[in-house]
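Novice: Please find the sequence and the predicted model below.
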Amino acid sequence: MGRNVGLVWDSTFLEHDAGYGHPERPERLIAIREVMTERNLWERMTKVPTREATVEEITRNHEPSYVQTVLNSRGELNTFFDGDTQASPKTAEAALLASGGAIDLALAVYHGDLDMGFSLGRPPGHHAERTHAMGFCYFNHIAVTARALAEEEGLERILLVDWDVHHGNGTQHVFEEDPRFAFFSVHQGNFYPGTGAIHEIGRGEGTGYTLNLPLKPAMDDDDYRYCFQKVVMPFARQYKPQMILLSAGYDSHHQDPLGAMNVTAEGFGGMATDLCELAEELCDGKLVAFLEGGYDLEGLSTSVGTTMEVMLGDDVSVSGDANNAGTRVRQDCQRLAERLEGHWSFDLDN
């Protein structure tokens, strides 16, 4: 059965310049659009107009003084936030358009005007903390969107999933005390940004609503599928989210220059299949993906294309068999299950 999938895209996203030789470059989106055109995806997805997010919308998630610092970079040749996070004259505008477009996309999905959605916003967002930019990110689009859903629509259970090879530190930190937002991240352990250990399970009223799976290098499609089918899916069925938001980073692809994982485009399709199944089962299919990392142009573009095909409901070949997962990932999932005992139950033996 086909789905009506919304798409956020804006040519201004191409005008953000992170600096000469930077891996987070405009060519990422150009490559994605080429694959979308080749696979007839561009024409089939419903375009959602972008708009600049308001200061009020952004400051639900970021400190006003920090937001003003980003806005002050408009038109400035170079504004350095940290060693690898540099703003160009169009960066603030692109980031505002990415957040505003993502909010409207998610609201359209929530209200049933669209079945699912994919935001190709750039620059990415999941590393942006409440008070500062980092890791190529300025505004945390997925967190800003989740805040909008909670504050404007009254959602009380939003599941945020992050499969980027780097831990979504910014997303975790703003939500880790609030059970309205459950956060799951599977990422490469002992890696940038140095957060996301298994023992980080939330704080205060949010204890138990943060789930981290830091994996050892060289994990493949089978290993990742095990994480989704043995941890994400059982957790989601107990949490019963009203909507699922996905930080879709593709730097765990086996060709990526920044990660050390062995996931294929079909492997991302397998994880997307699991999330679409969860969304259909638990929240009327309400799933929205946000582009994060992914720096090998071929690996990124083909993986995004496969994810979109799954979301559209196409009959596409996917990969990943949880039964073939390795011992190391099984041990990591067991450690997380033990850490969450008393909060959620997991049956890793079946």
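Specialist: Cool, the structure landed. Residues are numbered from 1 along each chain as shown.
Novice: How far off centre is stretch 143-152?
Specialist: 15 Å (CA atoms, centre = their mean, to the nearest Å).
Novice: what is the mean pLDDT for it?
Specialist: Across stretch 143-152, pLDDT averages out at 98.
Novice: Let me know the pLDDT of D349.
Specialist: Per-residue pLDDT puts D349 at 81.
Novice: For it, what is the enclosing helix or strand?
Specialist: Element membership for D349, per DSSP states H and E: none, as it lies in no helix or strand.
Novice: Also E52?
Specialist: Using DSSP H and E, no helix or strand contains E52.
Novice: Going forward, the N-terminal residue is numbered 11.
Specialist: New numbering, starting at 11: the last item is E62.
Novice: and A28, what is it in contact with?
Specialist: 34-35, 94-96, 98, 133, 146 (CB atoms under 8 Å, 6 or more residues apart in numbering). Backbone N, C-alpha and C define where each C-beta goes, glycine included.
Novice: Could you tell me which of these count as buried?
Specialist: In terms of neighbour count (16 or more other CB atoms under 10 Å), the buried residues within the contacts of A28 are 34-35, 95-96, 98, 133, 146.
Novice: Where do the helices of the stretch 261-360 of the chain begin and end?
Specialist: 275-292, 307-322, 337-349 (DSSP state H, counting those that start in this stretch).
Novice: Quick one: these as TSV, columns for mean pLDDT, distance to R13 and mean neighbour count too.
Specialist: Output for those, formatted as TSV (pLDDT from 0 to 100; distance: least, CB to CB, whole Å; neighbours: other CB atoms under 10 Å):
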stretch	mean pLDDT	distance to R13	mean neighbour count
helix 275-292	98	8	22
helix 307-322	98	6	24
helix 337-349	97	30	17
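Novice: can you tell which of these is closest to V171?
Specialist: Nearest of the helices of the stretch 261-360 of the chain to V171, taken as CB to CB: helix 275-292 at 6.6 Å.
Novice: What is the nearest of the buried ones among the contacts of A28 to A104?
Specialist: Nearest to A104 out of these is P133 (CB to CB; 6.4 Å).
Novice: helices or strands next to the lengthiest strand in the chain in the packing?
Specialist: Ranked by residue count, the top strand of the chain under DSSP state E comes out as strand 191-198. Counting contacts by 3 or more CB pairs under 8 Å, 6 or more residues apart in numbering; DSSP states H and E, strand 191-198 is packed against strand 168-172, helix 179-185, strand 220-225, helix 243-249.
Novice: try 6 Å
Specialist: strand 168-172, helix 179-185, strand 220-225 (3 or more CB pairs under 6 Å, 6 or more residues apart in numbering; DSSP states H and E).
Novice: Next, the angle from it to helix 275-292.
Specialist: In terms of direction (axes from the mean of the first three to the mean of the last three CA atoms, to 10 degrees), strand 191-198 departs from helix 275-292 by 160 degrees.
Novice: quick check: mean pLDDT across strand 191-198?
Specialist: Taken as a whole, strand 191-198 carries a mean pLDDT of 98.
Novice: Give me the contacts around it.
Specialist: Under the criterion CB atoms under 6 Å, 6 or more residues apart in numbering, residues 156, 168-173, 175-178, 181-182, 185, 206, 219-224, 237, 242, 249 lie in contact with strand 191-198.
Novice: Same question for stretch 163-180.
Specialist: Contacts for stretch 163-180 (CB under 6 Å, 6+ apart): 136-139, 150, 156, 159, 181, 190-198, 202-203, 205-206, 246, 251-257, 259, 261-262, 269, 271, 281, 302-303.
Novice: which stretch among the helices of the stretch 261-360 of the chain comes nearest E62?
Specialist: Using CB to CB, these put helix 307-322 closest to E62, at 24.4 Å.
Novice: between the closest one and helix 275-292, how many degrees?
Specialist: 30 degrees.
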